[in-house]
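A.B. asks: Need a 3D model of the sequence below.
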Amino acid sequence: MRALAVHPDVLVVVSRVWQTTAALVRAPAATGDAGADPAAALAGATAAPREAFLVDSPVYPDELELTAQVADQAGFAVAGLLATHGDWDHLLGRLAFPKAALGVAETTAARLTGRSGDAVRELRAFDAEHYVAREGALGLGELQSLPVPGKVELGAAGPGQRHELELHPAAGHTADGMAIWVPWARVLICGDYLSPVEIPTWTAADGSRSAYRATLEGLKPLVEQADWVIPGHGGPIDAQRALAIWREDVAYVEDWKLPLARSDRRQKQLHEGNRAAG
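C.D. replies: Below is the predicted model of the structure:
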């Protein structure tokens, strides 16, 4: 697992499998407080804790344990979890923070209602295939359904101040989902879009090529404002690279033009799956 600081209030962890990303997002420091340098915190310095969310999750047990340790060390007091969509590899945050509630888009809550066992079974299948020993079972708990578009407050702001994450619709890869904009950090957490390592993907049963294209269009103004973009797979990328990937992804979704940097055997397999789905 890699842990990277893209802003004093945003740390990114990248899993060893599929380069799955998760982001620790903290409320900004109060006016007059210089805050903490996350790089120093990762090196061992202790920061004053402020309320934080974990968005999505790494995959392996040691990575989840290390994510909790990094958060504690860096002063990110994780009070809640967010998932960009309902795929199982984004839902493991409660294995690191078992007391934290999981917030998801209304569309994701609808997808998971009565089907949360699917994520459990898919996790078990992954662990069995890769010989992963994991203590305890995944339990999603009671989901907090969040309206999207919408906002969610983070931290106790001072008089006249509100720190809010913006929630934007992001269907297409799956039928559910949201992207999260962190305005004070100029960071976009976009789920399984704009990946530097994976082409756009969808299935006929749980996704849509046309919805994917619409989500790309909706993400563009946010990418143009961002300093950093955190896709679901591949690690954080700067805005210039994200815009280049955005153009490649639009060309792919519209004309099936496979990006040169994402045209290995695995991506060609995903491409064939997309063509079959239409």
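A.B. asks: can you map out the strands along this structure?
C.D. replies: For the chain, the strands defined by DSSP state E cover 2-7, 10-14, 21-26, 50-55, 76-82, 101-105, 143-146, 150-153, 164-169, 178-182, 187-191, 228-231, 237-238.
A.B. asks: quick one, which of these is nearest to G218?
C.D. replies: With Cβ to Cβ, the closest approach to G218 among these belongs to strand 164-169: 6.3 Å. The way it works is simple: take the backbone N, C-alpha and C, and place the C-beta from them, glycine included.
A.B. asks: Note down every partner strand of that closest one and its orientation.
C.D. replies: Note on strand 164-169: by DSSP bridges, its sheet partners are strand 150-153 (antiparallel), strand 178-182 (antiparallel).
A.B. asks: Now find how far off-centre that strand is within its chain.
C.D. replies: With Cα atoms, centre = their mean, to the nearest Å as the basis, strand 164-169 stands 13 Å off its chain's centre.
A.B. asks: nearest to D127, of the strands of the chain?
C.D. replies: When the strands of the chain are ranked by proximity to D127, the top entry is strand 21-26, at 18.3 Å, counting by Cβ to Cβ.
A.B. asks: Now do the closest one and strand 50-55, the angle between them.
C.D. replies: Relative orientation of strand 21-26 versus strand 50-55 (axes from the mean of the first three to the mean of the last three Cα atoms, to 10 degrees): 160 degrees.
A.B. asks: Give me the mean pLDDT for strand 21-26.
C.D. replies: Per-residue pLDDT values over strand 21-26 give a mean of 97.
A.B. asks: Can I get it in PDB? Just the C-alpha atoms.
C.D. replies: Output of strand 21-26 as PDB, limited to C-alpha atoms (Å, rounded to 0.1, in the frame of the first residue of the first chain):
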ATOM      1  CA  THR A  21      -7.700   4.200  -4.100                       C
ATOM      2  CA  ALA A  22      -9.300   5.500  -0.900                       C
ATOM      3  CA  ALA A  23      -9.200   9.000   0.400                       C
ATOM      4  CA  LEU A  24      -9.000  10.400   4.000                       C
ATOM      5  CA  VAL A  25     -10.700  13.800   3.900                       C
ATOM      6  CA  ARG A  26     -10.400  16.100   7.000                       C
END
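A.B. asks: Can you give the distance from that strand to the centre of its chain?
C.D. replies: With Cα atoms, centre = their mean, you get 8 Å for strand 21-26.
A.B. asks: Paired strands for that strand, with orientation please.
C.D. replies: Strand pairing for strand 21-26, determined by DSSP bridges: strand 10-14 (antiparallel), strand 50-55 (antiparallel).
A.B. asks: Next, format those as CSV and append mean pLDDT.
C.D. replies: Output for the strands paired with strand 21-26, formatted as CSV (pLDDT from 0 to 100):
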stretch, mean pLDDT
strand 10-14, 97
strand 50-55, 96
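A.B. asks: Now these in CSV, please, with extra columns for distance to G117 and mean neighbour count.
C.D. replies: Rendered in CSV, the data for the strands paired with strand 21-26 read as follows (distance: least, Cβ to Cβ, whole Å; neighbours: other Cβ atoms under 10 Å):
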stretch, distance to G117, mean neighbour count
strand 10-14, 27, 24
strand 50-55, 23, 24
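A.B. asks: In the sheet, which residues pair with the residue nearest to L102 when sequence neighbours are not counted? Tell me.
C.D. replies: Counting by Cβ to Cβ, 6 or more residues apart in numbering, L81 is the residue found nearest to L102 once chain neighbours are left out, at 4.6 Å. Beta bridges link L81 to L54, L102, judged by DSSP bridges.
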